[in-house]
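S.K.: I would like to see how this sequence folds:
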Amino acid sequence: MAFRRVSAKEEEESSFSSTSTMDSDYEIPVALQKLHMWNNERMSTKVSQALSSMNTIRESESMRFSMVTANKWKKIGYHPYKPDASGYTALHRAAKRGDEAVVASLLAMFDGKAIDLASIKSHKQQQIALHIAAKYGNLEAVRLLAEPEFRSLVNMADRNGNTPLHFAATCSAPTAADVVALLLLRGADPTIKSKRDVFPIIAHVLTAQGDDPEIVQLLMKNGSDPNTIDGAGNTVLHIAVSQGLWKVAAALVREQAGMTIRNNQGVMVLDILSPPQLAWLAKFIVHPPKWVPYETQRSCMLVREDDKSQEDNSGGG
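M.R.: Below is the predicted model:
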């Protein structure tokens, strides 16, 4: 049997109907799998109203482009509001690509409540489009999918108990902190843990690509406990110190993260700090808790006295 080479244009037209996973950009058209035949369907009243109500050229062009795309889908028998062979809707895929124009168009053209579309879960991982948008750090897509009308979806858990905030906290995109901040603003709860007992703050520090405390500070400001522990009893500070995230560790200590909390193996943060490391971190202890050993409090006082002495000497010179 001879195979005809598929043109780039044809591949683009059928890219949403795919047997690929969301982690793969290689997509195999499944046009022969007729999910729905739209050939004889008329344009819905809601779509017509959406098109006629556009006030700006940009919005109108965006909607018209979406309709042209929808018509192409119809010809190959693909329904953009139904999961494809991989279990994802067009909204999931638009959320992954960060195409806010398509996300907005799909939500606007849906015949029914938009939340019903936004709440459709993928088959395998049970993720909604907001999970996907947060995972890839697509800020504008997150903004659309976390609108006040979708408030009930902001803390929705996937198959593993991960919320969109878990995914945003582990995202390495430059927009990750903005996505975290937006989700928190829209009601994301940083105290929800996954089925593996992982909180967003733990997930972030475990996967951090650099020593930037911004996301940790955002999470603590909105309710994360600086002494949150993982399944092994390690605190966020245990993890930060063990991974050499000293700015993150300093931010935690400033919010009274404990150095004397023992993990399941009986190890404290104090046990893994060298004297210079302890002296440096001690600078960020604002008020030593009562349960901190005298030696630690004394170390903090000596550090401060030494700093004060140096300041006095420099001022008197």
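S.K.: give me the number of residues near the residue nearest to D116 when sequence neighbours are not counted?
M.R.: Nearest residue to D116, sequence neighbours excluded (Cβ to Cβ, 6 or more residues apart in numbering): F110, at 7.4 Å. In this view, the C-beta of every residue, glycine as well, is placed from N, C-alpha and C. Residues lying near F110 (other Cβ atoms under 10 Å) number 20.
S.K.: please apply the same query to D111.
M.R.: The burial count for D111: 11, using other Cβ under 10 Å.
S.K.: the one 4 residues further on too?
M.R.: As a burial measure, the neighbour count of I115 was computed by other Cβ under 10 Å and equals 15.
S.K.: tell me which helix or strand it sits in.
M.R.: For I115, the host element (DSSP states H and E) is helix 114-118.
S.K.: which secondary element of the chain has the worst mean pLDDT?
M.R.: helix 8-13 (a mean of 37; mean pLDDT, DSSP states H and E).
S.K.: and stretch 130-139, C-alpha only, in PDB?
M.R.: Provided in PDB are the C-alpha atoms of stretch 130-139 (Å, rounded to 0.1, in the frame of the first residue of the first chain):
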ATOM      1  CA  LEU A 130      -6.200  24.900  34.200                       C
ATOM      2  CA  HIS A 131      -3.900  22.100  35.400                       C
ATOM      3  CA  ILE A 132      -2.200  22.100  32.000                       C
ATOM      4  CA  ALA A 133      -2.000  25.900  31.700                       C
ATOM      5  CA  ALA A 134      -0.400  26.100  35.100                       C
ATOM      6  CA  LYS A 135       2.000  23.300  34.400                       C
ATOM      7  CA  TYR A 136       3.400  25.100  31.400                       C
ATOM      8  CA  GLY A 137       3.400  28.600  33.000                       C
ATOM      9  CA  ASN A 138       0.900  30.000  30.500                       C
ATOM     10  CA  LEU A 139      -0.200  33.100  32.400                       C
END
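S.K.: now it: mean pLDDT?
M.R.: Averaging pLDDT along stretch 130-139 gives 98.
S.K.: touching that stretch from outside, list them.
M.R.: Outside of stretch 130-139, the residues within contact range by Cβ atoms under 8 Å, 6 or more residues apart in numbering are 22, 92, 95-98, 100, 103, 118, 125, 141-142, 145-146, 150, 153-154, 156, 158, 162-165, 167-168, 170-176, 178-179, 182-183.
S.K.: among these, the buried ones, what's the ChimeraX command?
M.R.: Here is the ChimeraX command that picks out the buried ones among those, judged by 16 or more other Cβ atoms under 10 Å:
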select :22,92,95,96,97,98,100,103,118,125,141,142,145,146,150,153,154,156,158,162,163,164,165,167,168,170,171,175,176,178,179,182,183
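S.K.: list the ones among the contacts of stretch 130-139 that fall in helices.
M.R.: In this view, those that belong to helices under DSSP state H are 92, 95-97, 100, 103, 118, 141-142, 145, 164-165, 167-168, 176, 178-179, 182-183.
S.K.: show me what contacts the residue lying closest to D99 once chain neighbours are set aside?
M.R.: Closest residue to D99 apart from its sequence neighbours, by Cβ to Cβ, 6+ apart: A141 at 7.4 Å. Neighbour list for A141: A94, A95, G98, D99, E100, V103, A129, A133 [criterion: Cβ under 8 Å, 6+ apart].
S.K.: dump those into JSON lines; add distance to V286 as well.
M.R.: Compiled in JSON lines, those are given as follows (distance: Cβ to Cβ, whole Å):
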{"residue": "A94", "distance to V286": "46"}
{"residue": "A95", "distance to V286": "41"}
{"residue": "G98", "distance to V286": "40"}
{"residue": "D99", "distance to V286": "46"}
{"residue": "E100", "distance to V286": "42"}
{"residue": "V103", "distance to V286": "44"}
{"residue": "A129", "distance to V286": "42"}
{"residue": "A133", "distance to V286": "37"}
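S.K.: pLDDT value on the closest residue to P83 other than its chain neighbours, please?
M.R.: Nearest residue to P83, sequence neighbours excluded (Cβ to Cβ, 6+ apart): T89, at 5.5 Å. Here the pLDDT value assigned to T89 is 91.
S.K.: go on, the one 4 residues further on?
M.R.: In this prediction, R93 carries a pLDDT score of 92.
S.K.: kindly report the same for K82.
M.R.: 81.
S.K.: tell me if I'm right that A157 and T163 touch.
M.R.: Yes. Counting by Cβ atoms under 8 Å, T163 is a contact partner of A157 at 5.6 Å.
S.K.: any residues in contact with both of the two?
M.R.: Common contact partners of A157 and T163 (Cβ under 8 Å, 6+ apart): I192.
S.K.: low-confidence stretches in the stretch 1-150 of the chain?
M.R.: In the predicted model of the stretch 1-150 of the chain, residues 1-79 satisfy pLDDT under 70.
S.K.: fine, thanks again, bye for now.
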